[in-house]
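Participant: Pasting the sequence and the predicted coordinates here, then a few questions.
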Amino acid sequence: MKKIVQGWYILFLLIPILLVVFCSFLTKGSPIDFSFSLEGYKRTLHYGFPFLRSLGYATVVSFLCLLIGFPTAVVIVSSKKWRAMLLFLVILPFWTNFLVRIYGWKIILRQLDLLGTPWAVIIGLTYIYLPFMILPLYSSLERFDSRIYFAARDLGASGLQSIIKVVLPCISPGVRVGLLFVFILTFGDFVVNDLLGGAKNAMIGSSIRDAYLLSRNWPLGASLTVVSTLLLLCVFWIGRKWRSSGT
Amino acid sequence: MAKLWYIKLIGYFALLFLYLPIAVVIVMSFNSGRREWEGFSLIWYQRLASNTMLADALINSLKVGLISTVFSTILGVIVAYYLIRTRVSKFFKMLVSLPLYIPDIVLGLSSLSLFVLISFPLSIWSITLAHITFCSAFVALVVSSKLALLDKKVELAAKDLGATDRQTIIGVVLPQLKGAIIAAALLSFTLSFDDYVVASFTGGPGSTTLPVRIYSLVKFGVTPEINALSTILFIAAISIALIVARVDSKAFTR
Amino acid sequence: MLKIEGINKRFGSNEACKGINLEVRKGECFYLLGPSGCGKSTLLSMIAGHLSPDSGDIILEGHSLLNMPPNKRPIHTIFQSYALFPHLTVFENVAFSLRIKGVVDLEERVLKKLDLVSLLEFKDRYPEELSGGQQQRVAIARAIIDEPSLLLLDEPFGALDTKLRKEMQLELKALQRSLGMTFICVTHDQEEALSLADRLAVMNSGSIEQLGTPENVYDSPATRFVASFIGESNILDGKVEGDKILLSNSISVPITKKFQSGEIRGVVIRPEWFELNDGVSVFSLTGEVISRLFQGASILYLIKTELGKIKVLVPVDDDLSPRQIGDSVVVRCTSGSFEVV
């Protein structure tokens, strides 16, 4: 029985992923031509802008989420009575269809004349992935002994200084998890980009989707995916190095 | 942190911020006009009821959702049992947790690659298969965390009193997991019903699911019936979330 | 009824059981007593079938249990945490083994057993609603309902508080007697073992140090470990000389066991075999009281003497003027025979 279960995941998960890597080295066809070629990777080199845009958006959104998410986590932790209720409120939007929530932003942004600009994308992404920052932060804050903060104040630091020098370092596991989550999710996004940003602000996710579903250029799509994954792994690796040098 | 009122203020605003677009959509669904507020009306709800395209998409989503929930729950529970109560290889552990780390776009395009290469038609079934694969990972996650908390001695007692392994699993383990399994099934259904990315890659003509249909409507901003639909979906979502919250807390007390 | 022959079990580099041999008689309340890590629970698990021995045999009423899985053995275990089924009522918990067997008319039998343990009114409650003592009774009823040949109890009173413990111990012993069932219990509480066991085995580091009745083990400890583990004792070392042991230049004590002359051995003297008043003695010492513990019906003194610190237990009635710390006393040993370890 175990083998059957394992077999399912090998067939529907592992093999498809290996196929993608395989496809990245083939030629465009209908949909694929089984002849070796580096066409896909060569075309990928033209995609510098979408990659940079994705990295840029991911970085900005990650830090915005930290900036907004931290106070929110503080609010939740501060009240013992309402904690569960507040957590529920943070998680509830998850249960609603995210397209619907983006649509709400479309209405708002249209009124504010921000639709189609990079700001629209940033606002949208920050909104959608904020809970992914709030929850790990809350988790770390819950275990944080607030007396350490008061000790710092006592020794002369201002509120803001105490937070930056004392609180954040103590909850750094939560901060790291949150940043990583948001970064990776934002990097791979294409829906928010598509609906709020438009073609001018295309991220790599949109490029990949277009390659697969619009231009039907699978080798291109596959190589873009492979390169994106490698990029993300680099970010992940840098994040780990930061962890071991930081503490 | 009582003194830092401005920190907390940002926090409170952020919580409101989370519901801003939802509130906008709900309000607009009762707007008789398209852009500017023109008065209260239920016209869009009426139009919604007669929109066949949306009705078809809804039916597709429900079909996919129900079938994938049934199978991913079964698969997920089996995986959870293997993970916690038996010894499994590192390979197996990595394999079943992959869907949790892989971005849905990769799940979508890799599944598409598989189906096309083996000439499997893109239909409700291709979407369902892809959904079962990733939803089951989440079911396994939820159920295995509860399973890990169960007292092993209880299962030992059952065997001691004469039960076979099968009788123990059915009569003692599964009943104790009831709450977690229900919560996991609801989670699985929500993940499947709400999924846009994987469905857009693995679906074909005639098997458009609701999120895919909503996507094109949102992108081209054509009809405000979307607002009415969204409001209904939002209410449904709150209801499911409330059910899960109740079931889950009960699962904790037992 | 149960024979254990040459059982060995090792976990990695840890030898949990080394060459265990013992026999349990039918209808007996047998105890495995020892400190944590001595192998008693491991042995119990092997009897139950949850673990397999590396070598040796376990024979129940003539049949080897070695290849029988736990659910086929006519043996039931009561776990320290009781392990009741949380999703079943008390009634269903007790009925479990009968339902597994496919018994249909079980209601009467279950109700009778519930009545036996005085839990009839709780039959529709769930385990989480019951107190520790009540949960234990459910566990017992559940285990005896299909009349197993042998009942194994792992630290049965560990989870109860002291007062409740004594009550449940008396109840359990009475139940065992009235059912005529064979019990094997595991504990680290030597008081419990001494008061409830018909026979017991004292274990240490995987081996049995002594096997016998509580009186045997208390009065005639076979090894130094048993002497110090069971009850309070003083172990006075001295040199063997023929049929005597010299505790000091002036004090010697007759012994019955044969040892090599010149060996250093310990003489076991229980605190209650010393007295602090005048009278006849085998030997006596002078000393100073350095500590005293009031224990209700008796006082435990710690006395510094030339032979070292000696524990002396004196019943309150006997001691007409209780000694204080710093008093000089004369300690007399009144025992006739001495165990040597």
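Facilitator: Structure received.

Participant: who touches stretch C:206-222?
Facilitator: C:15-22, C:38-39, C:193-195, C:197-203, C:223, C:225-227, C:230-231, C:233, C:268, C:270, C:339, C:341 (Cβ atoms under 8 Å, 6 or more residues apart in numbering or on different chains). No exception for glycine: its C-beta is placed from N, CA and C like everyone else's.

Participant: Next, the buried residues of that stretch.
Facilitator: C:206-212, C:214, C:217-222 (16 or more other Cβ atoms under 10 Å in any protein chain shown).

Participant: Check stretch C:140-147 too.
Facilitator: So stretch C:140-147, judged by 16+ other Cβ under 10 Å, has buried residues C:140-146.

Participant: contacts with chain B among these, please.
Facilitator: C:142-143, C:146 (Cβ under 8 Å from any Cβ of the partner chain).

Participant: wait, which of those is closest to C:Ala297?
Facilitator: C:Ala143 (36.3 Å; Cβ to Cβ).

Participant: Confirm that closest one sits in a helix?
Facilitator: Yes - counting by DSSP: H, G, I helix; E, B strand; the rest coil, C:Ala143 is part of a helix.

Participant: residues in contact with it?
Facilitator: Taking Cβ under 8 Å, 6+ apart as the definition, contacts of C:Ala143 comprise B:161, C:76-78, C:151.

Participant: let's go with 10 Å and repeat that
Facilitator: B:157, B:160-161, C:75-79, C:94, C:97, C:113, C:151-153, C:181 (Cβ atoms under 10 Å, 6 or more residues apart in numbering or on different chains).

Participant: and the contacts of stretch C:206-222, which are buried?
Facilitator: C:15-17, C:20, C:22, C:38-39, C:193-194, C:197-203, C:225-227, C:230-231, C:233, C:268, C:270, C:339, C:341.

Participant: Narrow those residues to those in helices?
Facilitator: C:193-194, C:225-227 (DSSP state H).

Participant: so how far is the longest helix anywhere in chain C from its chain's centroid?
Facilitator: In chain C, taking DSSP H as the definition, the longest helix is helix C:162-179. In terms of Cα atoms, centre = their mean, to the nearest Å, the centre of helix C:162-179 is found 15 Å from the chain centre.

Participant: and the gap between A:Ala202 and A:Leu213?
Facilitator: Separation of A:Ala202 from A:Leu213 (Cβ to Cβ, to the nearest Å) stands at 14 Å.

Participant: Same check on A:Ser54?
Facilitator: Distance, A:Ser54 to A:Leu213, by Cβ to Cβ: 18 Å.

Participant: Same question for C:Ala174.
Facilitator: 79 Å.

Participant: Counting neighbours, go ahead and name the busier of these two.
Facilitator: Counted by other Cβ atoms under 10 Å in any protein chain shown, C:Ala174 and A:Leu213 do not tie: A:Leu213 has more neighbours, with 14 against 10.

Participant: these two touch, right, the more buried one and B:Ser200?
Facilitator: Yes - in this structure, A:Leu213 is within contact of B:Ser200 by Cβ atoms under 10 Å, at 7.3 Å.

Participant: overlap in contacts of these two?
Facilitator: B:108, B:112.

Participant: if we can go back for a sec, nearest to C:Ser248, out of the ones next to chain B among the buried residues of stretch C:140-147: which one, please.
Facilitator: C:Ala143 (54.8 Å).

Participant: before we move on, which element is the closest residue in space to the closest one that isn't next to it in sequence in?
Facilitator: Among residues not flanking C:Ala143 along the chain, C:His76 sits closest, at 4.0 Å (Cβ to Cβ, 6 or more residues apart in numbering or on different chains). Counting by DSSP states H and E, the element that carries C:His76 is strand C:75-78.

Participant: packing partners for that strand?
Facilitator: helix B:152-160, helix C:40-48, helix C:132-144, strand C:150-154, strand C:182-187 (3 or more Cβ pairs under 10 Å, 6 or more residues apart in numbering or on different chains; DSSP states H and E).

Participant: With mean pLDDT added, can I get those in TSV?
Facilitator: TSV is the format used below for those (pLDDT from 0 to 100):
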stretch	mean pLDDT
helix B:152-160	91
helix C:40-48	89
helix C:132-144	90
strand C:150-154	92
strand C:182-187	92
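
Participant: In TSV: the ones you listed, plus distance to A:Cys170.
Facilitator: Shown next, in TSV, are those (distance: least, Cβ to Cβ, whole Å):
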stretch	distance to A:Cys170
helix B:152-160	36
helix C:40-48	42
helix C:132-144	40
strand C:150-154	43
strand C:182-187	46
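
Participant: which one of the ones you listed lies closest to C:Ile325?
Facilitator: strand C:182-187 (34.8 Å).

Participant: Please state the offset of the closest one from the chain centre?
Facilitator: The answer for strand C:182-187 is 9 Å, by Cα atoms, centre = their mean.

Participant: any bit of it sitting next to chain B?
Facilitator: No - judged by Cβ under 10 Å from any Cβ of the partner chain, strand C:182-187 stays clear of chain B, getting no closer than 13.9 Å.

Participant: same for that strand, what does it pack against?
Facilitator: Using 3+ Cβ pairs under 10 Å, 6+ apart: strand C:182-187 touches strand C:14-24, strand C:29-33, helix C:40-48, strand C:75-78, strand C:150-154, helix C:162-179, helix C:190-196, strand C:199-204.
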